[in-house]
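**Student:** Build me a model:
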Amino acid sequence: MENYMRKALDAALDNVSGNNGGPFGAIVVKNGTVIAVGRNQVTALNDPTAHAEVQAIREACQFLQSFQLDDCEIYTSCEPCPMCLGAIFWARPKAVYYACTKEDAAMAGFDDHFIYEQIALPPEQRSIEMKQIVLKNADLPFQTWTASKNKISY
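**Tutor:** Residues are numbered from 1 along each chain as shown. Next comes the predicted model:
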């Protein structure tokens with residue numbers, strides 16, 4: 001386990017040393033083999049979702065030709081942020097291991113505490129306006145999905 005965590009930490013350090021993005025790295029392991037490496041590429045790609053865990057999940061899913069990480073483990077240099085947690089739960093790996101905590105990240109300027117606070121608020125109280133627009137038949141996509149005999153559930 002320690003050797004996999006070292007690979008995730010090395011990816012994070014290489015990312016910073018190469019001035020390619022934030023100090024975060026992640027790997028995905030299946031059956032003892034590293035199948036994906038992700039590095040934070042938020043600034044390199046101008047993509048706020050390009051966190052190390054998300055990048056590793058994307059690469060691993062492409063490698064496996066699957067939208068889930070069955071029997072995989074994720075090793076990440078830092079405790080996942082709320083967005084990455086969501087992606088991890090959707091990907092369904094069997095385990096996630098992290099080195100640094102969200103408090104360590106906050107001390108380095110990567111504080112996501114405000115996101116946890118915003119999630120807990122009702123949508124109308126959040127700092128970014130979030131308002132439901134009710135339209136007739138807005139649930140038609142859900143109805144069509146539910147009735148479909150060709151869907152792939154996830």
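
**Student:** Which residue lies nearest the spatial centre of the chain?
**Tutor:** Cys84 (2.6 Å; Cα atoms, centre = their mean).

**Student:** Do you know the pLDDT at that residue?
**Tutor:** On pLDDT, Cys84 comes in at 98.

**Student:** So for it, what's the nearest residue that isn't a sequence neighbour?
**Tutor:** In this structure, Cys84 finds its nearest non-sequential neighbour in Glu53, 4.0 Å apart by Cβ to Cβ, 6 or more residues apart in numbering. In short, each C-beta sits where N, CA and C put it, glycine included.

**Student:** That neighbour belongs to a helix, doesn't it?
**Tutor:** Yes: remark: Glu53 belongs to a helix, assigned using DSSP: H, G, I helix; E, B strand; the rest coil.

**Student:** Run a quick neighbour tally on it.
**Tutor:** Look at Glu53: counted by other Cβ atoms under 10 Å, it has 30 neighbours.

**Student:** ok, now Ala108?
**Tutor:** By other Cβ under 10 Å, neighbour count at Ala108 equals 11.

**Student:** So it versus Asn19, what's the distance?
**Tutor:** 16 Å (Cβ to Cβ, to the nearest Å).

**Student:** same check, this time on Ser153
**Tutor:** In terms of Cβ to Cβ, Ser153 sits 42 Å off from Asn19.

**Student:** I'd like to know which elements the strand or helix carrying Gln118 is packed against.
**Tutor:** Gln118 is part of helix 113-120, with elements assigned from DSSP states H and E. For helix 113-120, the elements it packs on are helix 82-91, judged by 3 or more Cβ pairs under 8 Å, 6 or more residues apart in numbering; DSSP states H and E.

**Student:** Give me the residues contacting the helix it packs on.
**Tutor:** 49, 51-54, 57, 60-61, 67-69, 74, 76, 80, 96, 112, 115-116, 119, 154 (Cβ atoms under 8 Å, 6 or more residues apart in numbering).
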